[in-house]
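>>> Provide a 3D model corresponding to the input given below.
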Amino acid sequence: MQRKPRVLIAKPGLDGHDRGAKIIARALRDAGMEVIYTGLRQTPEMIAEAALQEDVDAIGLSILSGAHMALVPKVLDLLRGQGQGHVRLLLGGIIPDDDLRALHEMGVAAVFGPGTRTDAVAQAFFTAVGEGLVRG
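So this is what the prediction gives:
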């Protein structure tokens, strides 16, 4: 049976700018996904627990603070520790090109910078969660 992808959008760390995260959440919902938005100032532990409780297929993190190289590994470790290694992680924000390779090697499925079209983000989420899920 096919179902819609379930996606968690989260703002980890102390960054208080969530307009982009809300735009992405709306775009993914409009593309046919079930979207849970956790709000601002989430810890990696809060994000991993919400992913577990909501039984999501993917997580989108929005990080503008520059703390992605500290936060992303922590979220991935927590997911794996909870048996959620199958949950795909996608990242948006201000991410230097020099960090892209390391992020992909950690297991980040896609990275989006400023100006990325919302339809491209939605397509990347559909690609990341794979077959067996249906577009809305």
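>>> going forward, measure contacts between C-alpha atoms and count neighbours the same way
Will do.
>>> Regarding the most centrally placed residue in the chain, which helix or strand does it belong to?
For the chain, the residue nearest the mean C-alpha position is Gly60 (1.2 Å; Cα atoms, centre = their mean). Gly60 is part of strand 58-63 when elements are defined by DSSP states H and E.
>>> just checking, what packs against the longest helix seen in the chain?
Longest helix in the chain by number of residues (criterion: DSSP state H): helix 68-81. In terms of contacts (3 or more Cα pairs under 8 Å, 6 or more residues apart in numbering; DSSP states H and E), helix 68-81 is packed against helix 44-54, helix 97-106.
>>> most neighbours per residue, which of those?
Compared across the helices and strands packed on helix 68-81, helix 44-54 shows the largest average neighbour count, a mean of 18 (mean count of other Cα atoms under 10 Å).
>>> Can you name every helix or strand that it contacts?
Against helix 44-54 (3+ Cα pairs under 8 Å, 6+ apart) you get strand 6-10, helix 68-81.
>>> contacts for the first one?
Outside of strand 6-10, the residues within contact range by Cα atoms under 8 Å, 6 or more residues apart in numbering are 21, 25, 33-40, 42, 47, 50-51, 55-62.
>>> same thing with the last one?
For helix 68-81, the external contacting residues (Cα under 8 Å, 6+ apart) are 12-13, 44-45, 47-48, 85, 87, 89, 95, 99, 103, 106-107.
>>> How about stretch 107-126?
Under the contact criterion Cα under 8 Å, 6+ apart, stretch 107-126 has outside partners 5, 24, 27-28, 31, 58, 76, 88-95, 100, 104, 128, 135.
>>> taking those one by one, which sit in helices?
Ile24, Ala27, Leu28, Leu76, Leu100, His104, Ala128.
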